[in-house]
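Q: Show me how the following folds:
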Amino acid sequence: MSGVWLIPTDAQKPVDARRKSGVSENQLSPFDELYKIEDEKLTITQVCDLLSISQATAKNWIRLGKLKKDSDSETFDKAYIETLMTEIKSGKDGRLKSRRNKKNVSGKALYKDYIKSEGNREIVEGILSSCKQITEEELRVILACFAIQLYQQSCGVTVLEDALFQNQAQISNHNVFNDLLADLLGNIDMSKFDLTNIQSALEYKIQFVPLEDTLGFVYISLRDLSHRKQTGAYYTPAKTVNTLIGNLQKCIDLENKTVCDPCCGTGNFLIGLVGNGANVNNLYGQDMDEISILIARINMFLLDNSITKERLYSQFVCDNTLSNTFSHKFSVVLGNPPWGYDYSKEEITYLTSNYITAKCKGMESYDLFVEKGLAMLEENGYLAYVLPEAILSVTSHRKARELIVNSTAFKFICYLGNAFSGVQCPAIILGIQNGHKGQTKHCRIELGNGEFIINSNREIDASLFSFNMNDEEYDCLRVISSVKNAKYLANNAKFALGIVTGNNKEYIKDAKSEGLEIILKGSDVYRYAMKDTHNYIHFAPENFQQVAPTEIYRAKEKLLYRFISEVPVFTYDNKQTLSLNSCNILIPQIEGMDIKYVLAILNSSITAYFISKKYNSVKLLRSHIESLPIPMVSAEKQRGIIQKVEHIMNSNENIVGLYAELDNEIMALYSLSDKQRETIRTALSGKNLFLLE
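A: Coordinates of the predicted model:
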């Protein structure tokens, strides 16, 4: 919802690689977990853990015959589950692949947007193709070799790389660098270490590129993709780092300010800060991932090799920020906090006792880091985080919004869209200043390719943060929201999802035959019309994964609408037509308000503007529709609008012109001035009208 996956409480969830969870880098595969189970009969909980599915999904599969219980109707045969896992792993059974099940992704991947150097990208691609598996120890050796190469290039010194393989303590003439290398290698005895598997990797010569996190790029690219996705370890692209720091610089001079990244990873934000005038001695970083911190220290040393060992070890630490962090306050706290970390029972107990944002249902790690980051700031200090856009509107993040609006001023917000490769979750950069109360004046907004400044304070509360509109657009939204004699569909309508079959390939046919009827997809629905479709189904609710009550589908009159669309798209149905879950159902029940009048309002530019500016989502949720004010007008006024609706529905000529005429009449119902109407049309220009001509 709103670009965020809603994960069942009993589902296996990802954790963040920047936090230790007691799982080693060489963690067990699902098959290892299976073989550890001694019993030949498995419980549904064990099966769900092995397949990485929720119990709700398992029960659906059982009902649909996709998952079979043993003869006792309670347990599952171990050999049967092993066979199923093998088929899923091989791709013979594609059910988890189609569900985008992350645990079953294997191999390694390259974060091409993390650095700009084409040469270094090619080197890592070469390593990925030549080394099928890399252990943690082998990865540490590769990183150590590349660290030596970067040190030589950045400092203009000569280092004998053979000294590393001879297990010599004095690799270079700089004791701090030698200590950093020793920490990275840990207990590895290089004189006895088998280099066979990574020999080809060690032949590459990495290139030093000033102000790029080259070592971090190698590290995150060579870690096993399956582990990375299970741990939620997605790293911030260089473009996003630069955007955050660039906006921060417009608010504060970073040169002599103390800055902390409380979840710094390998230090790409810290590197970016140095490139923009910050002093290495004023930077601090913390992370739960040991190798990340070891790399961050090396990165800081390469930026300034005069930095002392004491500073490196006291200012860049491996620890849990939420429970144990630096004692002093900072001028700036910034970074990309973990998203979706799955806390243990012990952690939850601690967090609920110490964090306001931990007390709400569905505790979210980035909310906790917002709260912690604010607590780490000095008076008038700045917090700048990369966060999911959901923090602005989703109900479960209300506590975080309350903290923000009650104690900070908004300084900049950048709407990034899907900023992370392979992650379908719109992101933002949120910049706020500590010690203020919800001030929005002078806040800078970056949206797409444009930007603007909010010139006056806006009424804002924790229920929703809407910033994707300039002052003129905000004024239009205010006028729409305050229309007189408004009625709402909340508590005055029936809503329902279309049918979820559980297997469209099995149930949806492309040819009409006896017992089959038309079923609509979202893409078949246009404003005031339905496209001819060749999708047919036998309506057997007992076979489907999810269905609404039959009387909803068979209602005398109903509205159908696209669940996903850049603008709201509704049509009228009085033929009891079925629909799939991409096409949802609304039956208005506002006394004295005709269904076709409601249809005209929902298909108008007013509604498209209201929902896009208030919620900024391509998913049309029930809560969005319910919040729209609908003017209550006379029956005579409604009849005039209904006549225009029916004219559009029954005409094949100049539909666009008819729609524009009707749209202008609806704008008049909301008492919008000519200038405000033009503002709305401009904001919606270029968007599809979804009129079927």
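Q: Which residues does stretch 514-523 contact?
A: Residues from elsewhere that reach stretch 514-523 (Cβ atoms under 8 Å, 6 or more residues apart in numbering): 498-499, 508-509, 530-531, 533, 535-539, 560, 562-565, 577-580, 582-583. From N, CA and C alone the C-beta is placed, and that goes for glycine too.
Q: Buried among those residues? Make that a PyMOL selection.
A: Buried residues within the contacts of stretch 514-523, by 16 or more other Cβ atoms under 10 Å, are selected in PyMOL with:
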select buried, resi 498+499+508+530+535+536+537+539+560+562+563+565+577+578+579+580+582+583
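Q: Quick check: helices, which of the contacts of stretch 514-523 are part of them?
A: Applying DSSP state H to the contacts of stretch 514-523, no entry is found in helices.
Q: Show me the contacts of stretch 514-523 that map onto strands.
A: 530, 536-537, 560, 562, 578-579, 583 (DSSP state E).
Q: what about the helices in the stretch 451-600 of the chain?
A: 471-481, 504-507, 550-553, 595-602 (DSSP state H, counting those that start in this stretch).
Q: what about residue 383, neighbour count?
A: 25 (other Cβ atoms under 10 Å).
Q: hang on, residue 445 in a helix?
A: No: checked against DSSP: H, G, I helix; E, B strand; the rest coil, residue 445 lies outside a helix; its state is strand.
Q: For stretch 606-618, buried residues please.
A: Of the residues in stretch 606-618, those buried (16+ other Cβ under 10 Å) are 606-617.
Q: Which members of the residues you listed occur in helices, if any?
A: Going by DSSP H, the helices hold 606-615 from these.
Q: In terms of distance to residue 45, which of the residues you listed ranks first?
A: residue 615 (37.2 Å; Cβ to Cβ).
Q: Skipping its backbone neighbours, what lies nearest the closest one in space?
A: Closest residue to residue 615 apart from its sequence neighbours, by Cβ to Cβ, 6 or more residues apart in numbering: residue 624 at 5.2 Å.
Q: How many neighbouring residues does residue 74 have?
A: 10.
Q: Residue numbering should commence at 32 henceforth.
A: I'll keep to 32 as the first residue from here, and by that count the last item is residue 105.
Q: tell me which element it is part of?
A: If you go by DSSP states H and E, residue 105 is not part of any helix or strand.
Q: Now it, what are its backbone angles?
A: Backbone torsions of residue 105, given as degrees, to the nearest 10, read phi -120, psi -40.
Q: Check residue 399 too.
A: Torsion angles, degrees, to the nearest 10, at residue 399: phi -60, psi -40.
Q: That one and residue 389 touch, don't they?
A: Yes: with contacts counted by Cβ atoms under 8 Å, residue 399 reaches residue 389, the gap being 6.2 Å.
Q: so what sits against both of the two?
A: Both residue 399 and residue 389 are contacted by residue 382, under the criterion Cβ under 8 Å, 6+ apart.
Q: Give me the distance between residue 620 and residue 603.
A: 16 Å (Cβ to Cβ, to the nearest Å).
Q: ok, these two, which is more surrounded?
A: residue 603 (20 against 13).
Q: And the closest residue to the more buried one other than its chain neighbours, what's its pLDDT?
A: Leaving aside its sequence neighbours, residue 603 sits nearest to residue 630 (Cβ to Cβ, 6+ apart; 5.6 Å). According to the predicted model, the pLDDT of residue 630 comes to 98.
Q: any idea how far residue 630 is from residue 279?
A: In terms of Cβ to Cβ, residue 630 sits 47 Å off from residue 279.
Q: next one: residue 365
A: Taking Cβ to Cβ, one finds residue 365 at 7 Å from residue 279.
Q: next one: residue 321
A: For residue 321, the distance to residue 279 - Cβ to Cβ - is 28 Å.
Q: From the neighbour counts alone, determine which of these two ranks first.
A: Ranked by neighbour count (other Cβ under 10 Å), residue 321 and residue 279 place residue 279 first, with 24 against 14.
Q: isn't residue 196 right up against residue 220?
A: No: using Cβ under 8 Å, residue 196 is not in contact with residue 220, being 10.8 Å away.
Q: More neighbours: those two, which one.
A: Taking other Cβ under 10 Å, residue 196 and residue 220 do not tie; residue 196 has more neighbours (15 against 8).
Q: Report the spatially closest residue to the more buried one, excluding sequence-adjacent ones.
A: That would be residue 221: by Cβ to Cβ, 6+ apart, it lies 5.3 Å from residue 196.
Q: is residue 478 in a bridge, and if so with what?
A: Assessed by DSSP bridges, residue 478 has beta-bridge partners residue 446, residue 481.
Q: Find the residues that touch each one of residue 365 and residue 279.
A: Overlap of the contact sets of residue 365 and residue 279 (by Cβ under 8 Å, 6+ apart) consists of 413, 415.
Q: Phi, psi for the residue nearest to residue 196 please.
A: phi -70, psi -30.
Q: Show the pLDDT at it.
A: Reported pLDDT for residue 221: 86.
Q: is it true that it touches residue 194?
A: No: counting by Cβ under 8 Å, residue 221 stays clear of residue 194, with 9.4 Å between them.
Q: quick one: the helices in the stretch 282-431 of the chain?
A: Counting by DSSP H, counting those that start in this stretch, the helices of the stretch 282-431 of the chain are 299-305, 321-334, 340-346, 376-385, 396-406, 429-438.
Q: Present those as a markdown table; the columns should include mean pLDDT and distance to residue 460.
A: Output for the helices of the stretch 282-431 of the chain, formatted as a markdown table (pLDDT from 0 to 100; distance: least, Cβ to Cβ, whole Å):
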| stretch | mean pLDDT | distance to residue 460 |
| --- | --- | --- |
| helix 299-305 | 96 | 12 |
| helix 321-334 | 96 | 21 |
| helix 340-346 | 96 | 24 |
| helix 376-385 | 91 | 25 |
| helix 396-406 | 95 | 13 |
| helix 429-438 | 95 | 14 |
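Q: Format those as CSV; extra columns: distance to residue 551.
A: Listed next are these as CSV, based on distance: least, Cβ to Cβ, whole Å:
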stretch, distance to residue 551
helix 299-305, 47
helix 321-334, 49
helix 340-346, 60
helix 376-385, 44
helix 396-406, 38
helix 429-438, 36
